[in-house]
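**Q** Quick one: sequence and predicted model below, then my questions.
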Amino acid sequence: MVREEKRLTAVECHNEAWAEGLSAGIEAEIIAEAALATAFAEILRNNGEDAALALLDRMREKVVAGEFEPVRVRH
């Protein structure tokens, strides 16, 4: 439960930072690349290369599975 609460708080913080970046005129692709670079640098620093590569694998699986696709409402 605590982990999920932390995850939701992190998502909220990232959403706010994303919105601020867009408001500053920064393209979404640039914001995304900066966020990913920051995240992977932090994981490498704290947990090493294996952890970073494992995260890349998990994220790739989620992309392939369509987990990040926009929700489509069907009528």
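**A** Alright, I've got the coordinates. Predicted model only: the values in this text are computed from it and were never measured.
**Q** Helices of the chain, start to end?
**A** With DSSP state H as the definition, the chain shows helices at residue ranges 2-23, 28-47, 49-64.
**Q** will you turn those into a markdown table that also has distance to Val71, mean pLDDT and mean neighbour count?
**A** Quick note: C-beta positions are derived from backbone N, CA and C, even for glycine. Formatted as a markdown table, the helices of the chain follow (distance: least, CB to CB, whole Å; pLDDT from 0 to 100; neighbours: other CB atoms under 10 Å):
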| stretch | distance to Val71 | mean pLDDT | mean neighbour count |
| --- | --- | --- | --- |
| helix 2-23 | 16 | 96 | 10 |
| helix 28-47 | 18 | 96 | 12 |
| helix 49-64 | 15 | 95 | 12 |
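**Q** For those helices, give me TSV that also has distance to Pro70.
**A** Shown next, in TSV, are the helices of the chain (distance: least, CB to CB, whole Å):
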stretch	distance to Pro70
helix 2-23	15
helix 28-47	13
helix 49-64	13
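**Q** Model confidence for His75, exactly?
**A** pLDDT for His75: 61.
**Q** With Phe68 instead?
**A** Looking at Phe68, its pLDDT stands at 89.
**Q** measure Ala34 to Glu61 for me?
**A** Separation of Ala34 from Glu61 (CB to CB, to the nearest Å): 23 Å.
**Q** I'd like to know how far the spatially closest residue to Ala35 that is not a sequence neighbour sits from Leu36.
**A** On the basis of CB to CB, 6 or more residues apart in numbering, the spatially nearest residue to Ala35 that is not a chain neighbour turns out to be His14, at 7.0 Å. Using CB to CB, one gets 11 Å for the distance from His14 to Leu36.
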